[in-house]
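Asker: Requesting a structural model of the entry that follows:
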Amino acid sequence: MEENFNDYFDFSDEQTEGLVDKYEMMLGQHTSHFFDVDDFLDIISYYSEKSKYDKALKAIEMALKQHPFSSEVLLLKASVFFHQRHYKKAFQQLKEIEHLEHSNPEFQLLKGNVSVQL
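Answerer: Numbers count the residues shown, from 1 in each chain. Reported below is the predicted structural model:
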């Protein structure tokens, strides 16, 4: 029987959609659940990929309440600002995390893209 490499590492949309469903149910019921940083990153990325930037920002704010020192979440916040064409906000956010993310290639690429737009 031939096994597929992806069978072992199935990071499918179903997993992410399940997280998003759980997150949206929590919002709808006005309850509170703990999500780890990686779960929030998946939720935020899901909304960003679908150009639902307001929902992404709401998820970012909730993520920062649970994980206030996550530079990964703050980097996604800058990215959402960039995609919303709020270049000054994106630049300011990047300045705030530069000391934490300065060697991250994603940070450098986003900083370059934002700088070109200013």
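Asker: can you give me the helices for the protein?
Answerer: Counting by DSSP state H, the chain has helices at residues 5-8, 13-28, 37-49, 53-66, 71-83, 87-101, 105-117.
Asker: Am I right that Tyr46 is in contact with Asp21?
Answerer: No. If you go by Cβ atoms under 8 Å, Tyr46 and Asp21 don't touch, sitting 10.6 Å apart. (Each C-beta comes from the backbone N, C-alpha and C, glycine too.)
Asker: Can you say which of the helices of the chain is packed in most?
Answerer: Most buried of the helices of the chain, by mean neighbour count (mean count of other Cβ atoms under 10 Å): helix 71-83, with a mean of 21.
Asker: circling back to that earlier point, least confident of the helices of the chain, on average?
Answerer: Among the helices of the chain, helix 5-8 has the lowest mean pLDDT, at a mean of 42.
Asker: For Phe107, list the residues it contacts.
Answerer: Residues in contact with Phe107, defined by Cβ atoms under 8 Å, 6 or more residues apart in numbering, are Leu75, Leu94, Ile97, Glu98, Glu101.
Asker: With Glu101 as the reference, measure out to Leu109.
Answerer: Going from Leu109 to Glu101 by Cβ to Cβ, to the nearest Å gives 11 Å.
Asker: same thing with Lys95?
Answerer: In terms of Cβ to Cβ, Lys95 sits 11 Å off from Glu101.
Asker: repeat for Phe107
Answerer: 4 Å.
Asker: you'd agree Phe35 is up against Leu19?
Answerer: Yes. The pair Phe35 / Leu19 is scored as a contact, 7.5 Å apart, by Cβ under 8 Å.
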